[in-house]
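> Fold the following, please.
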Amino acid sequence: MASLVKRVRRGGGYTWYVRHFRLGKEFWLSTGTADKKLAQDVLRRTELEDERFKQGLEAPKRIQHISLEAFVQLYLLDRTGRLAPRTIQTDVMRLKIFTDWMKRSKTLVSSVTIHDVEKFREYRLKQVKPGTVNITLGVLRAAFQWAEEHAYTEKNPFAIKHLKVRLDKKIPRALTPGEIETFFNCEMDSYHRAVFSFVLSTGARRSELARLRWDDVDFSSRTLYFRNTKGRKDRAIPITVELAHLLHSIPKENELVFRYNPSWYTHLFEIYRDKAGIGNHLTLHSLRHTSATELLRSGISIYTVQKLLGHSSLSVTERYLHAIPEDLREAAEVLSGKVKVSG
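Numbering: from 1, shown residues only. As a prediction, this is how the structure comes out:
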């Protein structure tokens, strides 16, 4: 029969140990915690392992029982240096949301159940949009997969099917040709005009815009490089004559091509968007959507657009085909012309 025993640590405080027997031999297992509730979780798992051993069944994987807080620190430490700082920052925020929610039961990593996961999803859906919930669930699934691989839990509770909320596929919001003209015709600072023209010309993401360095602009080979972009990939953009002229118009104040932080670009776009009166449904990222839409409207291959804009898959690029209703209307007119209606 297994039992919990409190042992005093040298530096002060104490730790709960599980005392159990197998084949008449005594074993001591540290729970790694002074919290009795957490220690009882380890005790129950040890008793189950002992019972399987008595029945001659295969012993389950030896799990290292640690608290959620300790696990999060280990997990983030493992990812630091391998992923972009912004990704780490997002992971920290999403993991904290879950650990704070679980604090009511002070659960070990190994004790998180599918039921806990489903209840957490319901809790978050009452607070934020389904898309935001799915991002959090994705972060947690990756974290607990790492936990499973490193023997901190027997099975990933976030790996169940159909956990993410089903979302309606929305057509990306792009500026129409008329809105593009209205936007750039409003009174605008010349430097700000260069920023927005650059985004529209290259399809740059906000993070790519903020991180672009002059060292990544090679006028001799007429190539511009976005380094360490989404998915930790580099992306090359040809420098056209117009783009070269635009870049030469920007003063070289330091190693960065553009001098603002990412959030300020968003704020700037909103100022000029409202000034132009083109609708508050549009965002800075809409300029990237516009780049993709205009390329496809001009007849550029969908494969070329995918490579130029750095989309992770062709299906991402295909979404922009639905954002060109007039082109679909033209196609429908062509088909209609083939139909002979008897009269």
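
> Alpha carbons of the helix or strand harbouring residue 199, as PDB, please.
If you go by DSSP states H and E, residue 199 is part of helix 190-202. In PDB, the C-alpha atoms belonging to helix 190-202 read as follows (Å, rounded to 0.1, in the frame of the first residue of the first chain):
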ATOM      1  CA  SER A 190       5.600  62.000 -48.000                       C
ATOM      2  CA  TYR A 191       7.400  59.500 -45.700                       C
ATOM      3  CA  HIS A 192       4.100  57.900 -44.700                       C
ATOM      4  CA  ARG A 193       3.100  57.600 -48.400                       C
ATOM      5  CA  ALA A 194       6.400  55.800 -49.000                       C
ATOM      6  CA  VAL A 195       5.600  53.400 -46.200                       C
ATOM      7  CA  PHE A 196       2.200  52.500 -47.600                       C
ATOM      8  CA  SER A 197       3.400  52.400 -51.200                       C
ATOM      9  CA  PHE A 198       6.100  50.000 -50.100                       C
ATOM     10  CA  VAL A 199       3.600  47.600 -48.400                       C
ATOM     11  CA  LEU A 200       1.400  47.600 -51.400                       C
ATOM     12  CA  SER A 201       4.300  47.100 -53.800                       C
ATOM     13  CA  THR A 202       5.800  44.200 -51.800                       C
END
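
> just checking, what packs against it?
On a contact count with 3 or more C-beta pairs under 8 Å, 6 or more residues apart in numbering; DSSP states H and E, helix 190-202 meets helix 177-185, helix 206-211, helix 241-248, helix 262-276, helix 285-297. (C-beta placed from N, C-alpha, C; glycine too.)

> and that helix, which residues are buried?
193-202 (16 or more other C-beta atoms under 10 Å).

> From residue 114, how far out is residue 139?
17 Å (C-beta to C-beta, to the nearest Å).

> Next: residue 177.
Per C-beta to C-beta, residue 177 is found 50 Å from residue 114.

> again, but for residue 145
Going from residue 145 to residue 114 by C-beta to C-beta gives 15 Å.

> now residue 78
25 Å.

> What is the nearest of the buried residues of helix 190-202 to residue 257?
residue 198 (8.3 Å; C-beta to C-beta).

> Might you report the residue contacts of the closest residue to the closest one other than its chain neighbours?
Leaving aside its sequence neighbours, residue 198 sits nearest to residue 246 (C-beta to C-beta, 6 or more residues apart in numbering; 6.1 Å). If you count contacts by C-beta atoms under 8 Å, 6 or more residues apart in numbering, residue 246 has them with 194, 197-198, 201.

> if we go to 10 Å?
For residue 246, the contact set (C-beta atoms under 10 Å, 6 or more residues apart in numbering) comprises 193-195, 197-198, 201-202, 239-240.

> Which two of those have the greatest separation?
By the measure C-beta to C-beta, 193 and 239 form the most distant pair in the contacts of residue 246, at 18.6 Å.

> domains of the chain?
The record, using automatic domain parsing to delimit domains, assigns the chain the ranges 3-54, 68-159, 177-327.

> rewinding a little: right, and out of the contacts of residue 246, which lies closest to residue 261?
Nearest to residue 261, judged by C-beta to C-beta, of those is residue 195 at 12.7 Å.

> ok, that closest one to residue 153 distance?
47 Å.

> got a markdown table for the domains of the chain, with distance to residue 165 and mean pLDDT too?
Below are the domains of the chain laid out as a markdown table (distance: least, C-beta to C-beta, whole Å; pLDDT from 0 to 100):
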| stretch | distance to residue 165 | mean pLDDT |
| --- | --- | --- |
| domain 3-54 | 30 | 83 |
| domain 68-159 | 4 | 87 |
| domain 177-327 | 19 | 85 |
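
> In CSV, list those along with distance to residue 166.
Output for those, formatted as CSV (distance: least, C-beta to C-beta, whole Å):
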stretch, distance to residue 166
domain 3-54, 34
domain 68-159, 8
domain 177-327, 16
